[in-house]
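Novice: What shape does this take:
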Amino acid sequence: MKVAITILTFNRASVLLELLDSLTALNRTVWEIIVVDNFSEDGTEEMVRSHGVRPTYVRLDRNIGAAARNHGLKTAMADIVVTLDDDIIGLDDEAIEKLTGLFEGNPRLGAVNFQIRDYFTGERCNWVHHKIEEIYADKEFPTYEITEGAVAFRKTAIEAAGYYADDFFLSHEGPDLAYRIMDQGYEIYYCGKVSVRHRHENTGRKAWYNYYYDTRNLFWLAARNLPVAYALRYVSRGAVAMLIYSLRDRFFIYWLRGVRDGLAGISRAAKQRRVLRLETMRAMAKIDEDRPDIIYYLKKRLFRKSARL
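Specialist: Predicted coordinates:
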């Protein structure tokens, strides 16, 4: 199977350069490398066009957030498309071989999440919500999440699912896409043996947009996809968690704005509503059977440096 790598970037030319440099070390032939530029103004275009890996360069005329990944996914002609954010590094030949083997071995595999560790501390980030990290981090298991940052897709699966939604901008676009991939009959896996590093900017709790978008998009995700009872439980649990984080970090105003805009946008999101098939809900319930209890979440997340759920 042919493999493509598509990278989403915005105003981080120096970080992107490190990623592109790392890709020159790949011995396995990658079919294509695509850089999608979300309207950078820091010399990104000049750097990319002169780089030795000679990637395909796609420049957008404005920043459209995470949905810009669609331009890379649609441009790619390979069977497997690896999507990376520009601050991800560490993809190597072994990882590509592992991913190829997973997709070749399971025709219904639609997407694979990677193990992602902090570039500086080694701490895991972007963990799925339904497993105990200390037990499952290095294993393979089915999930109903796409954790973004570093994901591999089967091209035919994402074509069938319809790509990323264009209205989330940031946060929850991954689960929304995951639901639709599963609704097409595909599986999604987490693979702990494919590990990359995430070069987080040292903003920590200063990133106000986490509190706003994580809260707002809870409502839109539920309105687009979930049965009413499940949606109410999902939104209430997520909104309360974000409220706790926002009070802890003194960003309550952004949580409040997220609730306001989330509620205001429900009618628009509902126009795109397509409730998940019963088979998909059953698969999600099966995955949730060993979901950690609330005590685990409180211990694990209440004192973390990032607000992200």
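Novice: can I see the domain layout of this structure?
Specialist: Following automatic domain parsing, one gets these domains for the chain: 3-198, 204-275+290-301.
Novice: The stretch 51-200 of the chain: strands as residue ranges?
Specialist: With DSSP state E, counting those that start in this stretch applied, the stretch 51-200 of the chain shows strands at 56-59, 80-85, 88-89, 109-118, 124-125, 140-142, 150-154, 187-198, listed in chain order.
Novice: Could you export those as TSV, including distance to Phe252 and mean pLDDT?
Specialist: (C-beta placed from N, C-alpha, C; glycine too.) Converted to TSV, these look like this (distance: least, Cβ to Cβ, whole Å; pLDDT from 0 to 100):
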stretch	distance to Phe252	mean pLDDT
strand 56-59	38	97
strand 80-85	28	97
strand 88-89	31	94
strand 109-118	27	96
strand 124-125	24	86
strand 140-142	36	96
strand 150-154	32	97
strand 187-198	27	96
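Novice: Of the domains of the chain, flag the one that's most buried.
Specialist: For those, the largest average neighbour count (mean count of other Cβ atoms under 10 Å) is found in domain 3-198, namely a mean of 19.
Novice: returning to what we had before: quick one: which of the strands of the stretch 51-200 of the chain is nearest Glu133?
Specialist: Among those, the nearest to Glu133 by Cβ to Cβ is strand 124-125 (6.3 Å).
Novice: so how far is that closest one off the chain centroid?
Specialist: Here strand 124-125 is found 13 Å from its chain centre; the criterion is Cα atoms, centre = their mean, to the nearest Å.
Novice: Name the residues that touch it?
Specialist: Contacts to strand 124-125, defined as Cβ atoms under 8 Å, 6 or more residues apart in numbering, come from residues Gln115, Ile116, Arg117, Asp118, Glu133, Ala137, His198, His200, Ser306.
Novice: List the neighbouring strands of it plus their orientation.
Specialist: Each strand paired with strand 124-125, and its direction, by DSSP bridges: strand 109-118 (antiparallel).
Novice: what's the angle from the partner strand to strand 150-154?
Specialist: Angle, strand 109-118 to strand 150-154, by axes from the mean of the first three to the mean of the last three Cα atoms, to 10 degrees: 170 degrees.
Novice: Run the chain-centre distance for strand 109-118.
Specialist: Per Cα atoms, centre = their mean, the centroid offset for strand 109-118 relative to its chain is 9 Å.
Novice: Export only the CA atoms of that strand, formatted as CSV.
Specialist: Output of strand 109-118 as CSV, limited to C-alpha atoms (Å, rounded to 0.1, in the frame of the first residue of the first chain):
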residue,chain,number,x,y,z
LEU,A,109,-9.6,-0.5,9.5
GLY,A,110,-10.4,3.1,8.8
ALA,A,111,-8.0,5.1,11.0
VAL,A,112,-5.2,4.6,13.5
ASN,A,113,-4.3,6.9,16.4
PHE,A,114,-0.7,7.2,17.5
GLN,A,115,0.8,7.3,20.9
ILE,A,116,1.8,11.0,21.3
ARG,A,117,4.3,12.2,23.9
ASP,A,118,5.4,15.7,24.9
